[in-house]
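A.B. asks: I would like to see how this sequence folds:
(one chain, ligands or ions: 2)
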Amino acid sequence: MASLQQSLKQYFGHDRFRDGQEEIINQALLDRDLLVIMPTGGGKSLCFQLPALLKKGVAIVVSPLISLMQDQVMALQDNGINATFLNSTLDYTEVRRREEAILAGKIKLVYLAPERLVSEKFQQFLQLLTSTVTISFFAIDEAHCISEWGHDFRQEYRQLRQLRFRFPNIPLMALTATATTRVQKDIITQLNFKNPAIHRFSFNRSNLYYEVQPRQKRTYQQLFNLIRRLDGSGIVYCFARKTTEDLASRLTQDGISALPYHGRLSDEVRSNYQNSFIRDDVRIMVATLAFGMGINKPDVRFVIHHDLPRNIESYYQESGRAGRDGDPAKCILLYNPNDEYKINYFIKQKESIQEQKISYQQLKKVIEYAETNYCRRIIQLSYFGERFRGDCDGCDNCLNPKEFEDCTIEAQKFLSCVARCNEKFGIKHIIEVLRGSTSDKVYKYGHHLLSTYGIGKDKTVEEWEYLGKSLVYQGLLNQTEDSYKILKLNKDSWEILRQKKQVKIAVENTNKNRVIHEYHPKALEVELLMQRLKKLRKKLADQENIAPYVIFGDSTLKIMAQMQPKNLKSLAKLSGITEYKLNKYGHYFIEEITYFLNEENLTVALPTTTQMKTLQLYQQGLTIPEIAKERGFAVSTIITHISELIELNQSIDIDKFVLSKKKEVIVNTIEQMGDQSLKTLKEKLGDNYSYDEIKLVKAWYKRMKN
Ligand code: ADP
Ligand code: ZN
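C.D. replies: Ligands and ions are numbered 1, 2, ... in the order given. Model prediction:
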């Protein structure tokens, strides 16, 4: 018999199991009831798909969303695995045809929605199955839907309780990405598990990079610059429907394909948009928070939050839609401290005081996440009851630690002002008193007579605000958990006032140098080949009407680009290549790689090192002035590099630099006048055409002619 590892390679193309998968699969093979709690992207599907293939009979998989089950079945079929689904999109004859295939023992996995599973008619079908091909086990995906304590309770899931009574001898496997223990207990009780094996994994998504950026006034420009420098598909989440539409249309105008997504679109439009995104026809979805549940796109490379998320759990879920394939992906939150007031306003609209209270607490956590100077994972994972040690090497704070400054004296000023105002005011008022404001409110309370009045004129409002907030986050000062946010002294505050405790506050790290990757000819070649392979993948996917990731994941393409296999045999060895895929797509990819390598050899003139450095920064999305600044060269030098690179046939998009209308005119002039000097061309073209534009187009024209 083949080992588990061999089966893993054969059916799924993976070289090794991820942590925990093998043990789960072994237990499933021994007919144990199983509860698997794994974060999104952790690799839950494999835990039931592989046992389904290895066990006798057919596995029944319950999945709540039609689109998800179709995607999964398609991906399995594309690995040559006999899987099918039954749902309301199929007509009667098709359902019959599939049921017959199942009864004939031709199918190893059947996906269906819970309501079908528990229907009387289907129960009879299942009974028939048990006495013929047999059922290997029931797998219940998104099992948290069974619990009223979960965030996604579904009535139909409740009825899955019947399974244990009707089929007492068939093992059950429940899988979820929901962390709370209450829900976990509920799943076990509801399904009547017998001595289950429980596997709970850390919720840390180690392939994700977390960053918080101050949201700038020119937010669109900030967003555009961010996306320009990022690679692959991405989601931008916004609070308001209108923002999604505005941003999507501006991005599209600026050459980045994007679509909006929100509750007001019709089902049909939404589903079309989703498809375009999954198929890589459009690169960016600008969505309200509703987007994402039920879409299966493992290769989302970044998630940007344009507005503050409601709570840490939803931030974790939404940002977690990035990098489900396990490859590196980025989660960026744009944050403006004033967001807090906007959200406060919405919270105040809630009727129940209890709900308001919960929302304030949740908001506080999110702000803590946004403003922390320590590892962002500590705050995120503490939400799931995990103690994370920090130093994650994958968040802005860990990669770029802040420096800490002694602010004890300032803190004493601030705290004594809180004391003198009798601990009855919020941060804004305290700052007004410290800075000697002449506002009515200060006079009304007689606070202009306090000894702390005006002792903090040397600092700006923002500086005091930062200090006050830092004191609160560090627990050195308390703040009431309502919209008034009144400051109250605690034990630590008094120790600071009595000189028994020091205060250290993080300051912005000024030598924040962006890491420049050294030029590496091989890296560039890999990058170029990767782009070619992606194009090929998209072409093949379109022909078959499937999503590109179904053919090969990004990481598989990357390995191909690095290893550059020259025949099917060496391609077969790479991670992510199954036998089935090798036979189906292998030759296309080998052909493309061979073609690319030959072409590379033809380009005799390679760029010089300095040209390459410019090219690399260009590929990171920097503009010409930015490149010039980064490299400490004049803009004109960079323009020269770029035009030389164009002439050397490097992939540079001239349309980014010269309007196409202008390009046309310049080309016409060159054609009329012949290969003249720049000066001659410039004289002919006049003031509307700059030397730089002419230089670039001239280089481009030369390349086109050769
Ligand atoms: P989940 O259902 O937990 O969100 P999936 O089952 O969809 O996650 O798996 C996420 C990604 O991880 C998929 O792209 C899958 O191919 C990949 N994956 C799963 N197991 C392995 C493994 N052992 N080696 C490499 N990749 C894996
Ligand atoms: Zn960190």
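
A.B. asks: going forward, measure contacts and count neighbours with C-alpha atoms only.
C.D. replies: Will do.

A.B. asks: so the residue of the stretch 401-550 of the chain found nearest ligand 2, which of the three states?
C.D. replies: Proximity of the stretch 401-550 of the chain to ligand 2 (Cα to the ion) peaks at Pro401, 9.4 Å away. Under DSSP: H, G, I helix; E, B strand; the rest coil, Pro401 falls in the coil class.

A.B. asks: do the same with the one 3 residues further on
C.D. replies: In three-state terms, and counting by three-state DSSP, Phe404 is strand.

A.B. asks: contacts only, for the residue lying closest to it once chain neighbours are set aside.
C.D. replies: With sequence-adjacent residues excluded and distances taken as Cα to Cα, 6 or more residues apart in numbering, Phe404 is closest to Ala506, at 4.2 Å. Counting by Cα atoms under 8 Å, 6 or more residues apart in numbering, Ala506 makes contact with Asn373, Lys402, Glu403, Phe404, Glu405.

A.B. asks: I figured the fourth one hits Ser470, correct?
C.D. replies: Meaning Phe404. No - taking Cα atoms under 8 Å as the definition, Phe404 is not a contact partner of Ser470, at 11.7 Å.

A.B. asks: among the two, which residue is more densely surrounded?
C.D. replies: Ser470 (22 against 14; other Cα atoms under 10 Å).

A.B. asks: contacts only, for that one.
C.D. replies: Ser470 touches Ile505, counting by Cα under 8 Å, 6+ apart.

A.B. asks: pretty sure Leu35 contacts Asn195?
C.D. replies: No - at 10.5 Å, Leu35 does not count as touching Asn195 under the criterion of Cα under 8 Å.

A.B. asks: between those two, who's got more neighbours?
C.D. replies: Leu35 (24 against 10).

A.B. asks: what's the burial count for Tyr345?
C.D. replies: 11.

A.B. asks: repeat for Val472
C.D. replies: For Val472, using other Cα under 10 Å, the count is 17.

A.B. asks: could you pull up phi and psi at Tyr209?
C.D. replies: For Tyr209, the backbone dihedrals (degrees, to the nearest 10) come out as phi -110, psi 130.

A.B. asks: gap between it and ligand 1?
C.D. replies: The spacing between Tyr209 and ligand 1, counted by Cα to the nearest ligand atom, to the nearest Å, is 17 Å.

A.B. asks: how about the residue in the chain positioned nearest to ligand 2, nearest residue that isn't a chain neighbour?
C.D. replies: For the chain, the nearest residue to ligand 2 under the criterion Cα to the ion is Cys375, separated by 3.5 Å. Closest residue to Cys375 apart from its sequence neighbours, by Cα to Cα, 6+ apart: Gly390 at 5.2 Å.

A.B. asks: so the one you found: helix, strand or coil?
C.D. replies: Gly390 - assigned by three-state DSSP - is coil.

A.B. asks: surely it is in contact with Arg377?
C.D. replies: Yes - contact criterion Cα under 8 Å: Gly390 and Arg377 qualify, at 6.8 Å.

A.B. asks: tell me the SS of the residue in the stretch 251-400 of the chain positioned nearest to ligand 1?
C.D. replies: Closest to ligand 1 within the stretch 251-400 of the chain is Asp325: 3.8 Å, counting by Cα to the nearest ligand atom. Look at Asp325: counting by three-state DSSP, its state is coil.

A.B. asks: rewinding a little: neighbour count for Gly390 and Arg377, which is higher?
C.D. replies: Arg377 (27 against 16).

A.B. asks: who touches both of Phe404 and Ser470?
C.D. replies: Ile505.

A.B. asks: returning to what we had before: take the contacts of Ala506 and write them to CSV, including pLDDT and distance to Ala28.
C.D. replies: Listed next are these as CSV, based on pLDDT from 0 to 100; distance: Cα to Cα, whole Å:
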residue, pLDDT, distance to Ala28
Asn373, 87, 44
Lys402, 78, 48
Glu403, 79, 51
Phe404, 81, 52
Glu405, 85, 55
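
A.B. asks: write the PyMOL selection for whichever of those are buried.
C.D. replies: To isolate the buried members of the contacts of Ala506 in PyMOL, using 16 or more other Cα atoms under 10 Å:
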select buried, resi 373+402
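
A.B. asks: so which of the contacts of Ala506 comes closest to His144?
C.D. replies: Nearest to His144 among the contacts of Ala506: Asn373, at 33.7 Å, using Cα to Cα.

A.B. asks: now the closest one. Nearest residue, chain neighbours left out?
C.D. replies: Leaving aside its sequence neighbours, Asn373 is closest to Asn397 (6.2 Å, by Cα to Cα, 6+ apart).

A.B. asks: list the buried residues for the helix or strand that contains the one you found?
C.D. replies: In the assignment (DSSP states H and E), Asn397 maps to helix 396-399. Residues of helix 396-399 classed as buried by neighbour count (16+ other Cα under 10 Å): Asp396, Asn397, Cys398.

A.B. asks: what mean pLDDT does that helix get?
C.D. replies: Here helix 396-399 scores 91 as its mean pLDDT.

A.B. asks: spell out the secondary structure type for the closest residue to Thr84 other than its chain neighbours.
C.D. replies: Nearest residue to Thr84 in three dimensions, chain neighbours excluded: Val110, at 5.1 Å (Cα to Cα, 6+ apart). For Val110, the assignment made with three-state DSSP gives strand.

A.B. asks: cool, and the one 5 residues further on?
C.D. replies: Following three-state DSSP, Glu115 is assigned to helix.

A.B. asks: middle-most residue in this structure, spatially?
C.D. replies: Geometric centre of the chain, nearest residue: Ala322, 2.4 Å, by Cα atoms, centre = their mean.

A.B. asks: for that residue, which non-adjacent residue is closest in space?
C.D. replies: Val300 (4.8 Å).

A.B. asks: Gly234: what's it in contact with?
C.D. replies: Contacts of Gly234 (Cα under 8 Å, 6+ apart): Arg283, Ile284, Met285, Val300, Arg301, Phe302, Val303, Ile304, Ala322.

A.B. asks: roughly how far does the residue nearest to Asn373 sit from Lys44?
C.D. replies: Applying Cα to Cα, to the nearest Å, the value for Asn397 to Lys44 is 30 Å.

A.B. asks: in the stretch 551-700 of the chain, where is pLDDT below threshold?
C.D. replies: Confidence mapping of the stretch 551-700 of the chain against pLDDT under 70 gives the ranges 600-606.

A.B. asks: any residue of stretch 546-560 up close to ligand 1?
C.D. replies: No - under the criterion of Cα under 6 Å from any ligand atom, ligand 1 is not reached by stretch 546-560; the shortest gap measures 7.0 Å.

A.B. asks: quick one: buried residues of that stretch?
C.D. replies: 546-560.

A.B. asks: gap between the two ends of that stretch?
C.D. replies: End-to-end for stretch 546-560, by Cα to Cα: 21 Å.

A.B. asks: what separates that stretch from the chain centre, distance-wise?
C.D. replies: Relative to the chain's own centre, stretch 546-560 is displaced by 18 Å; criterion: Cα atoms, centre = their mean, to the nearest Å.

A.B. asks: could you do stretch 311-327 as well?
C.D. replies: 6 Å.

A.B. asks: that stretch: end-to-end distance?
C.D. replies: Terminal-residue distance, stretch 311-327 (Cα to Cα): 26 Å.

A.B. asks: show me the contact partners of it.
C.D. replies: 40-42, 205, 207-208, 234, 289, 292, 297-304, 309, 329-331, 362-363, 365-366, 380, 383, 553-555.
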